[in-house]
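>>> Can you look at this prediction? I've put the sequence above it.
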Amino acid sequence: MSGRLKNKVALVTGGASGFGRASAIRLAEEGALVCVTDVNEAEGEATAAMLGNRGFFHRMDVTSDGDWTDTMRAVLGRYAKLDVLVNSAGVAAAQDNIEECDDAVWDFVMDVNLTGTYLGCRHAIAPMRRAGGGSIVNLASVLALKGEGGALAYCASKGGVRLLTKAVAVHCGHDKNGIRCNAICPGYMLTAMLYDFLDTLNDREGEHARLASMHALGRLGDADDVAQMVLFLASDESRFVTGTEMVVDGGFTAG
Amino acid sequence: MGRCNDRIALVTGGASGIGAAAARLLAAQGARVMIADRDAEKGVKVAREIGAAAQSVRLDVADAASWEAAVAATLEAFGGWTVLVNSAGILRHGSIESESLEDWRQIMEINVKGTWRGCKLAVAHMKEAGGSIVNLSSIAGIEAGSDLCAYSVSKGAVRLLTKSIALYCADRGWQVRCNSVHPGIIETPMLHTYFAEQPDPEAERAAWDQVMPLGIRGEPEDIGHMIVYLASDESRLVTGAEMVVDGGAMAR
């Protein structure tokens, strides 16, 4: 442990899998104490168990304002402060194109991905201000930068996260509260979310190959690639970084 | 134990500002570093401060032979070359009306062609065993400044030069990544010289400070940390990306 997050307290949503789990592990490895949240209790508890005595699980639905209040109370009760928030909880949906996407699909994707992130930023600011500053890391996507026909609400929600991030960063800058807010735009990654999507298809391998070919490096990255950038943004190494989107995408957006 | 163990980095503009900070931080993470700078004397000084992990060589990035010699010196000193940081650059005030052709040419020669020369040599060398190229662009390479015409254009060129190289190497399956870093206003000798040359340095300084919502001034180390990330395997999936480190200047 090289201690890049020594004495920091972090809250990671969507911690039961994917980017959330990988980030929780990486932050704890570097010295942070981590509250892992998710709606999936079994896998969320499993992530917390991987952190040993450096973390705990707290069940939370990111779309619930009340759950956020409750979770903040739990974090502050246990660790007395909050330095880092990683808004990693996110969903994708089938039938997510402009003709098939109905109210239910739209609301589900927007609620979790965008409203959930908004609520997280809202609830994190007061405790971070008291701690003298902090770092909010929002998981957007390369689909916040480029369109995909079968990811309508997903693109809209992640595009929203990208500019929500900038608005929060500018607000906090003007407020001189020491809080930074940045987004990460991962490419398609080998996470449970992607595997779930591939499982809905007849030609699983064909789609995997097609997605890999959209990335210049010709392969899909994994959650650890994203966790390394989460770590950079969470640490004081990035103290001059705010309002940006960091692309970690194997060259998806380069050409 | 370091994040850049076994890395061998050539850092242009390595004797001052962002280049010197990058060299120090890379060495602190286990890399061996060749400080390449036009100011050979200052390069020696920075290399000495770093210690056994660093050496220096005189490099004029606008000169092809000088580049060849710097690369040869790196291979000779460390037996390999896996990281190139193109940090050498110049900044001059000038709009489309006020700028002289001479200034335009010099800015392009150093900021763009100098970077291009380094990338060409790095790709030729690194395509066998892999490597990471980090090009210093600027936020002015994404959003132009009206009084920084040639500078903005040069940094915009570096931004797309970077992406083209990233795609070229990836298409061939070479493990050479190429990314750009876009600093905002950073407290470097280049910036301080720029202010000193303005009719009203104080007013110019105040105006530039207003640009950054974060309300702190950026130091060379702030960029150096991003360069360490891009030089290390932590960024193995990152290529053709533009990393903005600007105190929030571009967020609004």
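Looks like it arrived, so ask away.
>>> For the residue sitting nearest the centre point of chain A, which residues are in contact?
Nearest to the mean C-alpha position of chain A, counting by CA atoms, centre = their mean, stands A:Ser88 at 2.1 Å. Listed by CB atoms under 8 Å, 6 or more residues apart in numbering or on different chains, the contact set of A:Ser88 reads A:Val12, A:Thr13, A:Gly14, A:Gly15, A:Gly18, A:Phe19, A:Gly20, A:Ser23, A:Leu139. Heads up, the C-betas are built off the backbone N, CA and C, glycines and all.
>>> Pull the number of nearby residues for the closest residue to the fifth one other than its chain neighbours.
Read that as A:Gly18. Sequence neighbours aside, A:Thr191 is the residue nearest to A:Gly18 in space, at 3.6 Å (criterion: CB to CB, 6 or more residues apart in numbering or on different chains). Neighbourhood size, A:Thr191 [other CB atoms under 10 Å in any protein chain shown]: 22.
>>> A:Val168 now?
Residues within reach of A:Val168, counting by other CB under 10 Å, total 26.
>>> just checking, it touches A:Asn182?
No. Using CB atoms under 8 Å, A:Val168 is not in contact with A:Asn182, being 9.6 Å away.
>>> Now for the two: what residues contact both?
Common contacts of A:Val168 and A:Asn182 (CB under 8 Å, 6+ apart): A:Ile136.
>>> now B:Arg92, what's its secondary structure?
Per DSSP: H, G, I helix; E, B strand; the rest coil, the secondary structure class of B:Arg92 is coil.
>>> ok, and does the top strand by length along chain A reach over to chain B?
Secondary structure of chain A per DSSP state E: the longest strand is strand A:179-186. Yes. Using CB under 8 Å from any CB of the partner chain, strand A:179-186 reaches chain B at A:Arg180.
>>> Pull up the pairing partners for that strand, direction included.
Here strand A:179-186 is paired, per DSSP bridges, with strand A:134-139 (parallel), strand A:245-248 (parallel).
>>> Reformat these as JSON lines; add mean pLDDT and mean neighbour count.
Shown next, in JSON lines, are these (pLDDT from 0 to 100; neighbours: other CB atoms under 10 Å in any protein chain shown):
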{"stretch": "strand A:134-139", "mean pLDDT": "98", "mean neighbour count": "27"}
{"stretch": "strand A:245-248", "mean pLDDT": "98", "mean neighbour count": "26"}
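>>> Those strands into CSV, with extra columns for distance to A:Leu76?
What follows is the strands paired with strand A:179-186, written out as CSV (distance: least, CB to CB, whole Å):
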stretch, distance to A:Leu76
strand A:134-139, 13
strand A:245-248, 28
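>>> So which of these is nearest A:Glu29?
strand A:134-139 (16.3 Å; CB to CB).
>>> which other residues reach that closest one?
Taking CB under 8 Å, 6+ apart as the rule, strand A:134-139 contacts A:14, A:19, A:82-88, A:90, A:117, A:120-121, A:124, A:127-128, A:161, A:164-165, A:168, A:178-184, A:186, A:226, A:230, A:233-235, A:238.
>>> Just the ones of those in strands?
Within these, residues falling in strands by DSSP E are A:Val84, A:Leu85, A:Val86, A:Asn87, A:Ile179, A:Arg180, A:Cys181, A:Asn182, A:Ala183, A:Ile184, A:Pro186.
>>> okay, now the last one: neighbour count?
Burial of A:Pro186 is recorded as 27 neighbouring residues (other CB under 10 Å).
>>> Hmm, A:Asp249 and it touching each other?
Yes. Contact criterion CB under 8 Å: A:Pro186 and A:Asp249 qualify, at 6.3 Å.
>>> Need the residues touching each of the two.
Common contacts of A:Pro186 and A:Asp249 (CB under 8 Å, 6+ apart): A:Val142, A:Gly221.
>>> so how far is stretch A:86-98 from its chain's centroid?
On the basis of CA atoms, centre = their mean, to the nearest Å, stretch A:86-98 sits 12 Å off its chain's mean C-alpha point.
>>> Now it - C-alpha only, CSV.
Extracted C-alpha coordinates of stretch A:86-98, given in CSV (Å, rounded to 0.1, in the frame of the first residue of the first chain):
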residue,chain,number,x,y,z
VAL,A,86,-17.8,7.9,-6.3
ASN,A,87,-21.2,7.9,-8.1
SER,A,88,-20.8,4.5,-9.9
ALA,A,89,-24.4,3.1,-9.6
GLY,A,90,-25.8,2.9,-13.1
VAL,A,91,-28.1,0.9,-15.3
ALA,A,92,-28.6,0.2,-19.0
ALA,A,93,-31.8,-1.1,-20.5
ALA,A,94,-33.0,-3.2,-23.5
GLN,A,95,-35.4,-1.6,-26.0
ASP,A,96,-33.6,1.7,-25.4
ASN,A,97,-34.0,3.4,-28.8
ILE,A,98,-36.1,6.4,-29.8
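>>> A:Leu11 belongs to a strand?
Yes. A:Leu11: assigned to a strand according to three-state DSSP.
>>> now it, which residues is it bridged with?
A:Cys35, A:Leu85.
>>> wouldn't B:Met243 be in contact with B:Thr162 here?
No. B:Met243 lies out of contact with B:Thr162 (CB under 8 Å); the separation is 10.5 Å.
>>> which residues are in contact with both of these two?
B:Asn179, B:Ser180.
>>> Need the three-state assignment for the nearest residue to A:Leu217 once chain neighbours are set aside.
Once flanking residues are discounted, A:Leu217 sits nearest to A:Gly250: 3.9 Å by CB to CB, 6+ apart. Here A:Gly250 is coil, with the state taken from three-state DSSP.
>>> roughly how far apart are A:Gly250 and A:Val168?
Distance, A:Gly250 to A:Val168, by CB to CB, to the nearest Å: 28 Å.
>>> and what of B:His125?
According to CB to CB, B:His125 and A:Val168 sit 43 Å apart.
>>> So what's the gap between stretch A:133-150 and the chain middle?
The answer for stretch A:133-150 is 8 Å, by CA atoms, centre = their mean.
>>> Show the end-to-end separation of it, please.
Terminal residues of stretch A:133-150 are spaced 39 Å apart (CA to CA, to the nearest Å).
>>> next one: stretch B:225-238
Stretch B:225-238 has its terminal residues 16 Å apart, counting by CA to CA.
>>> near chain A at all, that stretch?
Yes. Stretch B:225-238 reaches chain A (CB under 8 Å from any CB) through B:His225, B:Met226, B:Val228, B:Tyr229, B:Glu234, B:Ser235, B:Arg236, B:Leu237, B:Val238.
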